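1. sequence? don't have it. structure:
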């Protein structure tokens, strides 16, 4: 048995692919993807800042032709914002996919999934039991 699958063997979880991927995540891969996502985000923000600066320079220019071309730069800014926004979203989604989760050895399945409330007993419905007075509109 390799080192990556030991947490799963300790918990005896058989069919938990989402949990398995999170518990056996490689920390170095997470750091590499996070670094890449930060670089992509900084590059996109820098590019968009240059477009905004160019648009402001064109819009405040004395030349009539340059002022008219500011509308095209504004259109270009909108299109690149959508496309680069998807690129940044994709880069950060890749980081979330390999984010390691640190759990205690006696963690339950609900804690591993991230919803510990699943193991608590459900509360009774307040308005159906008559403990709370219903609103007047009923």
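-> Thanks, I have the structure now. Source: prediction; values computed, not measured. Residues are numbered from 1 along each chain as shown.
2. below-threshold pLDDT in the chain: ranges please.
-> Counting by pLDDT under 70, the chain contains low-confidence residues at 1-25, 138.
3. again, only using 80
-> Within the chain, the segments meeting pLDDT under 80 span 1-26, 100-120, 122-138.
4. for stretch 99-112, measure first residue to last.
-> Counting by C-alpha to C-alpha, to the nearest Å, you get 13 Å between the two ends of stretch 99-112.
5. figure out how far it is from the centre of its chain.
-> On the basis of C-alpha atoms, centre = their mean, to the nearest Å, stretch 99-112 is displaced by 20 Å from the centre of the chain it belongs to.
6. and what of stretch 131-138?
-> In terms of C-alpha atoms, centre = their mean, the centre of stretch 131-138 is found 40 Å from the chain centre.
7. give me the element residue 80 is part of.
-> Secondary structure from DSSP states H and E places residue 80 in helix 64-97.
8. and after that helix, which helix or strand comes next?
-> Next along the chain after helix 64-97, taking DSSP H and E as the criterion, comes helix 109-113.
9. immediately after that following helix, which helix or strand?
-> Downstream of helix 109-113, the next assigned helix or strand under DSSP H and E is helix 126-129.
10. buried residues in that next one?
-> Within helix 126-129, no residue counts as buried by 16 or more other C-beta atoms under 10 Å. Every residue, glycine included, has its C-beta placed from N, CA and C.
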